[in-house]
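Engineer: Following is a predicted model, sequence given first.
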Number of protein chains: 2
Amino acid sequence: MELDFKFTSDGLIPAILQEYTGGEGAPRGRILMFAWLNREALEKSLSTGLMHYWSRSRQKLWLKGETSGHTQKIHRWYVDCDRDVLLFEISQTGGACHTGYQSCFFQELDMEGKSLPIKEEKAFDDSAVYKK
Amino acid sequence: MELDFKFTSDGLIPAILQEYTGGEGAPRGRILMFAWLNREALEKSLSTGLMHYWSRSRQKLWLKGETSGHTQKIHRWYVDCDRDVLLFEISQTGGACHTGYQSCFFQELDMEGKSLPIKEEKAFDDSAVYKK
């Protein structure tokens, strides 16, 4: 594989996850989450077609959806002009956020930084999926 | 302002910049760039309505578009579930990328990491705008 990207001094690269909505010319999808990959997570993601990440808190590789079943299938991916950020367009099973929402970016703010009312329902019951 | 976000130990927070395409229910826009803000850049962005960033290489605050005129007007913004990543929906004048492309994510890759042919024209003449 040709993975000559600019990883951080910790060996990580950030990734933006965007909902895949279809082929050329289709409207773009919602931003679902943001996460970090190391080289191993990237290789595993590309070879399996399913997003894998590096957990900085648990210091381990994880398959997104390994607990919840909410996997992320890769359709297209891009690198930015500086080769230090990745963008993946994916199909998300269930919801991307551990809180139960479709996207981790469900909280809109006003121009003072105050939280606005959340305008959507949860995509799944997080208490059942993660057995809290 | 209520900016109780999780900044890094360097006092920074990452931001995803997405093209604003309209009000509720409109299709979402393209991801234009990824950058870092400190608290001052965030306050300045919110008070002026134009994106300001913290340059890690130059160690200074900058108004996006101060050289190129390609400013970014804020329409909506969101924080993620962990309060450590921001998402701004913006209107971009000219193009977001210093290379002349509309988005910094113009380079699609195949599943081996090889660059695919670029499918778009530049949005502006970067050699003229940045007077290289």
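Structural biologist: Cool, got the structure. The model shown is predicted, which means the values in this text are computed figures rather than measured ones.
Engineer: longest single helix anywhere in chain A?
Structural biologist: Looking across chain A with DSSP state H, the single longest helix is helix A:39-48.
Engineer: ok, the helix or strand following that one: who's next to it in the sheet?
Structural biologist: Remark: after helix A:39-48, the chain's next helix or strand is strand A:52-55, criterion DSSP states H and E. Strand partners for strand A:52-55, identified by DSSP bridges, are recorded as strand A:60-63 (antiparallel).
Engineer: Centre of the chain to the helix or strand following the strand it pairs with, how far?
Structural biologist: Following strand A:60-63 in sequence order, the next helix or strand is strand A:72-79 (DSSP H and E). Centroid separation for strand A:72-79 versus its chain: 10 Å, with CA atoms, centre = their mean, to the nearest Å.
Engineer: tell me what strand A:72-79 is packed against?
Structural biologist: Packing partners of strand A:72-79 (3 or more CB pairs under 8 Å, 6 or more residues apart in numbering or on different chains; DSSP states H and E): strand A:86-92, strand B:107-109. In short, each C-beta sits where N, CA and C put it, glycine included.
Engineer: show me the residues around the nearest residue to A:Thr71 once chain neighbours are set aside that make contact.
Structural biologist: What sits nearest to A:Thr71 in space, not counting adjacent residues and going by CB to CB, 6 or more residues apart in numbering or on different chains, is A:Gly65, at 3.5 Å. Contact analysis of A:Gly65 by CB atoms under 8 Å, 6 or more residues apart in numbering or on different chains lists A:Leu50, A:Thr71, A:Gln72, A:Thr93, A:Gly94.
Engineer: ok, now how distant is A:Lys64 from A:Glu120?
Structural biologist: 21 Å (CB to CB, to the nearest Å).
Engineer: These two: which is more packed in?
Structural biologist: Taking neighbours as other CB atoms under 10 Å in any protein chain shown, A:Lys64 and A:Glu120 compare with A:Lys64 leading, 22 against 9.
Engineer: Find me the pLDDT at the more buried one, would you?
Structural biologist: With respect to pLDDT, A:Lys64 has a value of 97.
Engineer: Surely A:Leu61 and A:Glu40 touch.
Structural biologist: Yes - between A:Leu61 and A:Glu40 there is a contact at 5.9 Å, judged by CB atoms under 8 Å.
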